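Colleague: Quick one, what's the 3D model for this:
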Amino acid sequence: MKIYLDHIGIACEDFDAGTKFWNLLGLTQGDDELVADQGVVTRFFETSKNDEKSPLIELLKPTGDDTAIGKFLEKRGPGIQQICFRVEDIVSVIDTLKQNGIAMINEVPELGAHGALIAFVHPKSTGGVLVELAQKQ
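Modeller: This next block holds a predicted model:
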């Protein structure tokens, strides 16, 4: 099964402040997307315009203080919130991880940005890093 680094998610309080650097670096900015179920607005940046396998940078702005990103910002401040891997069959990956004692935050995939199915692996099973799994639809 193939796996790719899909994106690095960065929590921020203000898109404008977070966007300036990525634009200056030459990354291509996409449209903002509200993911209401996750309580977040996302803004993706392409690292290579013509290669769908190139990793993205994702800015994450909370829709409220009581959301996962809102709580992250309150506790840790702006910065890298998660690393996301694109997988071909998210259900199989979740099953394999669970069968091997890996703690999942989401044992059933949910709908994420760009219509992808997503699930999060608990940081206690990854050495302290929140890992997102994503399957493009």
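Colleague: Just the C-alphas of the helix or strand bottoming out on mean pLDDT in the chain, formatted as PDB.
Modeller: Using mean pLDDT, DSSP states H and E, the weakest-scoring helix or strand in the chain turns out to be helix 15-25, at a mean of 90. C-alpha atoms of helix 15-25 as PDB (Å, rounded to 0.1, in the frame of the first residue of the first chain):
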ATOM      1  CA  PHE A  15      -4.700  33.800   8.200                       C
ATOM      2  CA  ASP A  16      -3.200  37.100   7.000                       C
ATOM      3  CA  ALA A  17      -0.200  36.900   9.300                       C
ATOM      4  CA  GLY A  18       0.300  33.200   8.500                       C
ATOM      5  CA  THR A  19      -0.100  33.600   4.700                       C
ATOM      6  CA  LYS A  20       2.500  36.300   4.100                       C
ATOM      7  CA  PHE A  21       5.500  34.000   4.500                       C
ATOM      8  CA  TRP A  22       4.200  31.100   2.400                       C
ATOM      9  CA  ASN A  23       3.300  33.500  -0.400                       C
ATOM     10  CA  LEU A  24       6.700  35.100  -0.300                       C
ATOM     11  CA  LEU A  25       8.300  31.700  -0.400                       C
END
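Colleague: Could you pull out the buried residues of that helix?
Modeller: Residues of helix 15-25 classed as buried by neighbour count (16 or more other CB atoms under 10 Å): 15, 18, 19, 22. All C-beta atoms are positioned from the backbone trio N, CA, C, and that covers glycine.
Colleague: right, and the third one touches residue 29 too?
Modeller: So the one you mean is residue 19. Yes. Using CB atoms under 8 Å, residue 19 is in contact with residue 29, at 6.6 Å.
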